[in-house]
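1. Would you be able to build a 3D model of this:
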Amino acid sequence: MAPTPAHFTTLPHRALVAVRGDDRIGFLQGLVSNDMLRVQSGQAIWAAFLTPQGKFLHEFFVIPFGDAVLLECERARRDDLITRLSRYKLRAKVTLAPDDTLTSGVAWGEGASAALKTSDQPGHVTPHGAGVIYTDPRLAGAGVRWALEAAQIESLEKLGLTRATAADHDDLRFDLGLPDGSRDLEVEKALLLENGFEELHGVDFKKGCYIGQELTARTHYRALIKKRLMPVTSEGELPSPGAPLTFDGLEAGEMMSSRGGKGLALVRLEALKKSGGVLDAGSAKVKAAPPPWIKLTEAT
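-> Predicted structure coming up:
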């Protein structure tokens with residue numbers, strides 16, 4: 001397969017929260033699924049904030065940024081994230097506020113990291129003028145994300161990057177099997193380990209307590225995973241999010257986000273094994289194919 005040329009796009013559906021204050025690392029450490037000490041040491045991480053019962057509420061990237069920590073989250077749900085996190089402030093020396101001085105985006109493809117003068121190492125952070133560039137901490141090939149000022153974004157084409165769209169980036173994440181917030185994880189229902197957070201380095205099992213830790217740890221240590229989010233394809237248009245997938249008339253999964261004939265679906269592992277990955281979506285056929293990074297049990 002020929003290398004993908006380097007592209008870049010803004011991500012209008014993503015936005016930033018600035019977390020400031022002396023207690024910002026410790027405050028977030030007790031709330032999110034990943035280890036904030038890695039952020040303190042200068043790395044970017046991917047993490048989630050859960051209900052006390054261990055169900056998904058928000059996912060975000062966490063980026064060290066001078067005297068602040070930036071959370072790159074869903075724009076439409078940013079206020080909800082700030083409200084929920086703020087409930088745990090108590091006497092902590094910390095502030096949380098929207099930050100619209102910088103814009104979220106991503107570059108990917110052959111030579112993207114070189115063009116941006118940064119490293120391919122997942123989680124690597126590089127200051128870039130008034131903004132910051134960070135290599136996606138989830139998976140090699142996922143690209144280089146950034147939070148930059150408008151003028152900096154306009155200069156990216158001069159670095160040899162081709163302008164693309166957020167929909168073009170969706171094609172990449174569908175190929176790789178990467179979820180994107182509540183488009184792919186049902187709020188207050190989704191489990192982290194069904195959605196790749198272990199393999200994609202979004203959860204740390206050694207960091208200590210955080211909200212929702214008990215269910216996540218129990219699912220991990222008891223191997224209770226029965227569904228997985230994975231890429232699906234179809235010769236025609238894939239069904240809309242929430243549409244059921246079946247095999248032999250029985251429930252086999254549920255569609256999540258898609259574009260044309262590519263998308264993601266939460267697929268029952270038992271159905272995946274029995275069907276060989278070919279599932280029904282009404283009268284259409286859908287092919288489910290776990291990406292190489294997914295760790296499936298021997299029974300699957």
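2. And the closest residue to residue 59 other than its chain neighbours, how far from residue 65?
-> For residue 59, ignoring the flanking residues on the chain, the nearest one in space by Cβ to Cβ, 6 or more residues apart in numbering is residue 48 at 4.8 Å. C-betas here are computed from N, CA, C, even on glycine. Counting by Cβ to Cβ, to the nearest Å, the separation of residue 48 from residue 65 is 20 Å.
3. What pLDDT is listed against residue 300?
-> In this model, residue 300 is scored at 42, pLDDT.
4. How about residue 50?
-> 98.
5. Enumerate every residue touching the closest residue to it other than its chain neighbours.
-> Excluding its sequence neighbours, the residue lying closest to residue 50 (Cβ to Cβ, 6+ apart) is residue 212, at 2.9 Å. Contacts of residue 212 were listed using Cβ atoms under 8 Å, 6 or more residues apart in numbering, and they are 33, 50, 51, 52, 53, 54, 55.
6. again with residue 267
-> Per Cβ under 8 Å, 6+ apart, neighbours of residue 267: 227, 228, 229, 230, 232, 245, 252, 253, 279, 288.
7. The fourth one sits in which helix or strand?
-> Meaning residue 230. Following DSSP states H and E, the helix or strand that holds residue 230 is strand 227-233.
8. Take the contacts of residue 212 and keep only those in strands.
-> Mapping the contacts of residue 212 onto strands (DSSP state E) picks out residue 50.
9. out of the contacts of residue 212, which are buried?
-> By neighbour count, with 16 or more other Cβ atoms under 10 Å, those hold 33, 50, 54, 55 as buried.
10. separation between residue 27 and residue 92?
-> 5 Å.
11. which one of these two has more residues nearby?
-> Each of residue 27 and residue 92 has its neighbours counted (other Cβ atoms under 10 Å); residue 27 has more, 22 against 15.
12. From residue 192, how far off is that one?
-> Counting by Cβ to Cβ - residue 27 and residue 192 are separated by 21 Å.
13. how would you label the residue lying closest to residue 191 once chain neighbours are set aside: helix, strand or coil?
-> Leaving aside its chain neighbours, residue 191 sits nearest to residue 219 (6.2 Å; criterion: Cβ to Cβ, 6+ apart). What DSSP: H, G, I helix; E, B strand; the rest coil gives for residue 219 is helix.
14. Sheet-wise, list the partners of the strand holding residue 230 with their directions.
-> strand 262-268 (antiparallel), strand 284-288 (antiparallel) (DSSP bridges).
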